[in-house]
Structures are given as structure tokens and as C-alpha cells.
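In: sharing a model that was predicted from the sequence below.
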Amino acid sequence: MLFHVHMEVAIPHDLDPDRRAELVAEEKARALELQRSGVWPHLWRIVGEYSNISVFDVDSGDALHALLSSLPLFPYMRIKVTPLAIHPSDLKAQS
Ligand SMILES: O=C(O)C[C@H]1C=CC(=O)O1
């Protein structure tokens with residue numbers, strides 16, 4: 001199943017800078033790992049924002065929730081998930 005996910009990051013300004021750098025590095029490592037595994041096929045920065053638009057390819061909403069809540073920056077994210085279905089006019093859906 002494909003899910004469109006909007007993640008907005010809001011790390012508190014008073015978080016220790018070393019802890020912040022550690023979390024961001026851990027988040028990057030996890031994001032790269034998940035992209036390489038194929039479950040995170042799209043990751044785009046939204047211009048001018050500390051947020052991203054992503055597409056995840058996972059088995060279920062439960063699997064997506066487990067994955068998202070495992071992200072190191074999860075406690076500092078506002079996340080909006082939209083499940084995707086095949087559009088009948090999508091060229092790829094034509095036979
Ligand atoms: O920077 C972000 O958008 C948040 C998060 C998503 C991937 C990553 O490396 O960090």
C-alpha cells in the first residue's frame with residue numbers, strides 16, 4: 001500500500017545543540033536505511049520549510065505507524081498521512 005505522508009519538524013529551540021545534532025544524524029541514518037530497503041521510495045523537501053513530503057510503500061496503516069513512530073525525530077514531528085489508491089485515469093492503470 002502506498003501512503004502520502006507530510007512530516008513537519010519542530011525541534012524545541014531550547015533542546016541541547018549536541019542532542020539536536022545527534023537526533024538529526026540518527027534520523028538521516030534511519031531515513032537512508034528505510035529508503036534502501038524500499039519502503040520509503042520518495043522523500044522531498046518542501047521549499048522554505050523544515051518539512052517533507054514522502055511516499056511510503058508498506059503493508060498496512062499499522063506497519064506505517066510502527067515505522068513512523070520509530071523515527072528518531074518522531075516526538076518532534078507533526079505528521080499527516082493520506083492513503084493512496086490507483087487513479088482510474090492513470091496511464092499506468094490502462095490495459
Ligand atoms: O528533515 C526532515 O524532513 C525530517 C526527516 C525525514 C528524513 C530525514 O532525514 O529527516
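Out: Looks like it arrived, so ask away.

In: quick one: buried residues of stretch 36-45?
Out: When neighbours are counted by 16 or more other Cβ atoms under 10 Å, the buried residues of stretch 36-45 are found to be 39, 40, 43. Bear in mind the C-beta positions are built from the backbone N, C-alpha and C, glycine included.

In: before we move on, which element is the nearest residue to the second one once chain neighbours are set aside in?
Out: To tie it back to what came earlier, the one meant is residue 40. Of all residues not flanking residue 40 in the chain, residue 34 sits nearest, at 4.2 Å (Cβ to Cβ, 6 or more residues apart in numbering). Take DSSP states H and E as the rule and residue 34 turns out to sit in helix 17-37.

In: can you count the residues close to residue 61?
Out: Counted with other Cβ atoms under 10 Å, residues neighbouring residue 61 total 12.

In: how about the nearest residue to it once chain neighbours are set aside, secondary structure?
Out: The shortest distance from residue 61 to any non-neighbouring residue, by Cβ to Cβ, 6+ apart, is to residue 83 (7.1 Å). Under DSSP: H, G, I helix; E, B strand; the rest coil, the three-state class of residue 83 is strand.

In: give me the neighbour count for residue 83.
Out: Residue 83: 11 neighbours (other Cβ under 10 Å).

In: relative to residue 45, how far out is it?
Out: Separation of residue 83 from residue 45 (Cβ to Cβ, to the nearest Å): 23 Å.

In: cool, residue 81 as well?
Out: Remark: distance between residue 81 and residue 45 (Cβ to Cβ) = 18 Å.

In: I'm done for today, thanks for sticking with me.
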